[in-house]
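Peer 1: predicted model and sequence below, questions to follow.
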Amino acid sequence: MSVSASLTIPDCASGLYWSPILMACTACPTSENEILGPKGSCVCSVGYARNQVNGRCEACPAGKVGSTDESFCIGCASPASQTVLAQTGSQCTCGSMEYLVDRNATGRLDTAICTSCPANSHPSLDLSTCVECPDPGMNAVNSSGSYSCVCRTDLGYSATPQDHTCLLSTDISQINSLIGSTNPNTITYHNLVGPEGTITPITITSDVFASLFMKAASQCLRQQISQACQALANLCVLQLYDFSTAPCQVYQSIIRGQSSVADTLDAPQGLPWLYYGLLSSQESTTFTSQVLNLTVDIGSGAGVSRLPFVMSTYSLNGTYLGLQKLTTQLQLCTAVPSERADDWRQIGYDYVASCTIDLASAINSTSAATFYDLFIEDSLGILKAVPTRFINYRTLAGRQPNLNADPLDYGSSVLFRRFFSIDDVSGVQGGILKVIRVPLSMTFWIRKADSDGRIYIPVLDVTYTERDVSTLSAQTSISLQFVFSALYIMHLDSFWRVMTVVFSLVCATAGLLALYSARAWSTRNLTVSQGWDFNFLSRCILILAGCLAPLLFWFLLAVSAYWFFFYKNQTVMKVLLPWSDSDLHKFNAIVVATLVCQSAYIIKQLYEQCTIDIFFIDWERSRGKVMAAGGEGKPRLAAVSVWRSIFMMNEWNKMQTYRRVNIGFSLLAMYFIVEGLKVRYAATPQPNIHDLTPGLVSPILLFAVECLLWILLAVGQILFRAVIYERFYKDKLLDFVDVLSMANLSILAFDELCHGYYIHGRSVHPCADTNIGELNAFLRREQADLVPRRGMQDTDQQCFEVYTQKEMRSAFNKVYSIVIAEVEAQTAGNVAARLQRLSADKMQRRFNGADETRVRAYETVNHFVRSFFDKNLKEFQYHIRERTYFERFLGTTPDVSQNTVLFHTPSSFTRLLLYGIEYHLLILYILIFTVADNGLENTGAAAIITYGVDVVIRVIRKHFGASNLARKTMMDRKFLI
């Protein structure tokens, strides 16, 4: 990529010229009879003319030379000399102020004629024509054979012309008095980014200001010539409206005494309009609060569906270039598809195009600097001025009032009219481009008015960056990020006030629920003598997190769903999305806080599930006495098989991670829907819910889309299992209870000191240790209703929630604590045994058994619990009843001062499994997925992270749950397969 030609053409050494083809300084081919001409190109040598067929220089006949255009041979006028002047390249010479004529009305002449140039003109370098002086106030003079035009000081003009124009000395004096000591030819770049990325201010003498300023200022001040005033305005814009610079000072002085246009307070009559508030002294809000007489429509209604922007364009020297409809002229992102580049004008569409632009390419593709006055056309065809806000603007005091300004409040902002896209002219010094100024961002702010379908006058924000390109070459490259956007905004103060109230109510409700739950827990688990310690306070915090997180989740979903459905389904512009960083940060902060609370609560639940006290009650009786082998000794009771318990322990262990919702399937479905079907782009900030064109998404809308999809997938799976799978194929929980009953086993599990669950599995048949024939006979009797029902007290009630007396739990613990005690084997002190235990192979194959003390304690607990449920313990009684609706709603703790209370609650024991906290797990996974997708902007990565978290939770629950089960049931973990 070569950019030097676009920046500046290098000066070539004597006898060489710049070849745009070779991109280098080159000598003329002397072998072709060519020499370097006066215009910096190759011409035929003296006495040669160019053959019009082959283009070669061929010798003329004796006494003749080449014509001025080298097309034929001609004789020189007598007494003209045929001596060639090397400095002009002429082949014939004439007198002072004469030029050479080699053609007349009839065609070529045989002999050239020297003719005097008209007044106020002089011969060209090759004597082929006369050059008229550019200003009537100039005279042509010949100084030592060199012609030039000089201003006539006798008429009051300054001797030095400005941009080939003579200026009155009085005008220059007046301008100098206006600008004082300010150098009119300099420009200061306050935030110049150097090649190393450092930011330093720099002041240079600009060729553009040296060439244009004095002429434009003089002609505008004295004659108010339109083009000159436009040029002066452009120079002020290049200074970024800095009042301390000469162009802006002169402009301000000129318009101070001007009257404004009747319907526009700050547009000076007949002069360019640059500043808002300069003539009217009114605040910016006066102009930005005007409601545009234009009905905008999102659908196919009567209003306009695209913003009708119009630009008035001017060249650097003030030439009016006409009106243009604004479509893609300001788009520097060439990678945007042409059919989408104009989408930013669609009503209600938040448009953001971001790209990296190369400065060299920008310079190459940029024509002469163009300046724009922006308008918008109302319903009557009237062009309304659209203000521009330069973010880089500095006041005389050096303040930057437009920096970080609120687009909804322009009270402290300074607004302007004219702007430019790329400035590659003001930074030229000595013919070399040193600094270029390009926009970093251009943002159109379109504010919704109070009336539906109406908007205020839009505002354009422009942020420029200044780059040092003095070292830019074919081997270097400077890139920067450019953002072009159009954002629709509205005042959301009332909405956020309501949301603040709702949020406060949600937090207050969570606090009350947590307080109630903590109080209930303390009632069940703390005695009067026990006070509040660190553990209790920690539990209270976790209870609060568990109450707060779900409520905040539904609050966030309600807020995001409101924006999604109301914004995406409107035809007339009524609702706009939150746009400010502060609003989005608040929303994201609440999402993250909810995730943290939910994570803490899940950790608490996992810990409690992995530390429950669980006991398998064996109701089986010995089937008689048996003799020892060989008939020796006394008969003893036949042993009751423990394999039924081992089998049911394995089934319980498998159920610990059972859930209705398959997370792997859900994540695959989410990825397919969100990415494959491009439903992700339903969250783009545009009001058409059916438009799935890829683009930047709104975090709030994306949260709503992904949460709703998660909920639909989860509800669909739960309904499928409840209505079809569990009804017609297999209900894992009920099947477990049924098999438990056939095994003649019950389960008593405590998740708190005085709270737990009981699954009644006492068999209605004589025994469970039997053969297949007897077992099937039992089943046929049950099928024929020849046996009692399986539930307690001849009912179908098998699953209960237990609230027990502290005294009963204390008696239970006295023996149960021995069962769960970590008693080392008596061989632990033996060195040889220890070495044996260190053997990896033997450790893998060996089963560890409990000592006799723990076995006897286990049998004692089994006898105690059986006696309790048989109501054989007079001091510890219980009664069964149904919960009232009020108790179910509030989750109240019953009075257990007299006896233990059992509430029949089908499947209540699932709270000991992942199944029981599946609701909270789903909220956790949804939050993790949405936070990861929003942060990484990658649905696949979000799915992988969420699945990884699910795997970790299942592994932790399975590992520690199995360890706890083995420990609490006195079984080696190897039995759990």
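Peer 2: The structure has been received and is ready for your questions. These numbers were taken from a predicted model, which means no experiment stands behind them.

Peer 1: by mean pLDDT, point me to the weakest helix or strand of this structure.
Peer 2: Within the chain, judged by mean pLDDT, DSSP states H and E, the helix or strand with the poorest mean is helix 4-7; its value is a mean of 38.

Peer 1: buried ones in the helix or strand following that helix?
Peer 2: Once helix 4-7 ends, the next helix or strand along the chain (criterion: DSSP states H and E) is strand 16-19. By neighbour count on 16 or more other Cβ atoms under 10 Å, the buried set for strand 16-19 is 17-18. Any C-beta I mention is one placed from the backbone N, CA and C, and that applies to glycine too.

Peer 1: now do strand 16-19: which elements does it pack against?
Peer 2: When contacts are defined as 3 or more Cβ pairs under 8 Å, 6 or more residues apart in numbering; DSSP states H and E, strand 16-19 sits against strand 24-27.

Peer 1: quickly run through the sheet partners of the strand it packs on, with directions.
Peer 2: strand 16-19 (antiparallel) (DSSP bridges).

Peer 1: isn't N653 up against S963?
Peer 2: No - here N653 does not reach S963: they are 10.4 Å apart, not a contact under Cβ atoms under 8 Å.

Peer 1: compare these two (neighbour count), which wins?
Peer 2: Taking other Cβ atoms under 10 Å, N653 and S963 do not tie; N653 has more neighbours (18 against 13).

Peer 1: from M971, how far off is that one?
Peer 2: Using Cβ to Cβ, to the nearest Å, N653 is found at 10 Å from M971.

Peer 1: common neighbours of those two, please.
Peer 2: L965 (Cβ atoms under 8 Å, 6 or more residues apart in numbering).

Peer 1: pull out the buried residues from the strand ranked longest in the chain.
Peer 2: Assignment by DSSP state E gives strand 435-447 as the longest strand of the chain. By neighbour count on 16+ other Cβ under 10 Å, the buried set for strand 435-447 is 435-439, 441-447.

Peer 1: now for it, which elements pack on it?
Peer 2: Strand 435-447 packs on strand 186-193, helix 359-365, strand 459-468, strand 479-489, going by 3+ Cβ pairs under 8 Å, 6+ apart.

Peer 1: and that strand, C-alpha only, in PDB?
Peer 2: Provided in PDB are the C-alpha atoms of strand 435-447 (Å, rounded to 0.1, in the frame of the first residue of the first chain):
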ATOM      1  CA  VAL A 435      -1.700  15.800  11.000                       C
ATOM      2  CA  ILE A 436      -5.000  14.300  10.000                       C
ATOM      3  CA  ARG A 437      -8.200  14.600  12.000                       C
ATOM      4  CA  VAL A 438     -10.800  11.900  11.700                       C
ATOM      5  CA  PRO A 439     -13.900  11.000  13.600                       C
ATOM      6  CA  LEU A 440     -13.700   8.300  16.200                       C
ATOM      7  CA  SER A 441     -17.500   8.200  16.500                       C
ATOM      8  CA  MET A 442     -20.600   9.700  15.000                       C
ATOM      9  CA  THR A 443     -23.800   9.300  17.000                       C
ATOM     10  CA  PHE A 444     -27.300  10.400  16.100                       C
ATOM     11  CA  TRP A 445     -29.400  10.900  19.200                       C
ATOM     12  CA  ILE A 446     -33.100  10.700  18.400                       C
ATOM     13  CA  ARG A 447     -35.300  11.500  21.400                       C
END
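
Peer 1: what angle separates that strand from strand 479-489?
Peer 2: On the basis of axes from the mean of the first three to the mean of the last three Cα atoms, to 10 degrees, strand 435-447 is oriented at 20 degrees to strand 479-489.

Peer 1: now find how far off-centre strand 435-447 is within its chain.
Peer 2: Mean-position distance between strand 435-447 and its chain equals 19 Å (Cα atoms, centre = their mean, to the nearest Å).

Peer 1: what's the local residue count around G381?
Peer 2: With neighbours defined by other Cβ under 10 Å, the count for G381 comes to 7.

Peer 1: ok, now how distant is it from G303?
Peer 2: Per Cβ to Cβ, G381 is found 15 Å from G303.

Peer 1: what of T905?
Peer 2: From T905 to G303 the distance is 59 Å (Cβ to Cβ).

Peer 1: relative to G453, how far out is I298?
Peer 2: 9 Å.

Peer 1: what's the answer for P161, then?
Peer 2: Counting by Cβ to Cβ, the gap from P161 to G453 is 57 Å.

Peer 1: do D895 as well
Peer 2: From D895 to G453 the distance is 64 Å (Cβ to Cβ).

Peer 1: try C767
Peer 2: 82 Å.

Peer 1: who has more neighbours out of the two?
Peer 2: Using other Cβ under 10 Å as the criterion, C767 and G453 rank with G453 on top: 20 against 16.

Peer 1: pull the contacting residues for the more buried one.
Peer 2: If you count contacts by Cβ under 8 Å, 6+ apart, G453 has them with 295-297, 303, 572-574.

Peer 1: now the strands: where do they sit in the stretch 551-700 of the chain?
Peer 2: With DSSP state E, counting those that start in this stretch as the criterion, the stretch 551-700 of the chain has strands at 613-618, 625-626, 636-637.

Peer 1: the ones you listed: which one's closest to V739?
Peer 2: Among the strands of the stretch 551-700 of the chain, the nearest to V739 by Cβ to Cβ is strand 613-618 (12.9 Å).

Peer 1: for that closest one, packing partners?
Peer 2: Under the contact rule (3+ Cβ pairs under 8 Å, 6+ apart), strand 613-618 is packed against helix 643-655, strand 745-750, helix 852-869, helix 939-968.

Peer 1: if we go to 6 Å?
Peer 2: Strand 613-618 is packed against strand 745-750, with contacts defined by 3 or more Cβ pairs under 6 Å, 6 or more residues apart in numbering; DSSP states H and E.
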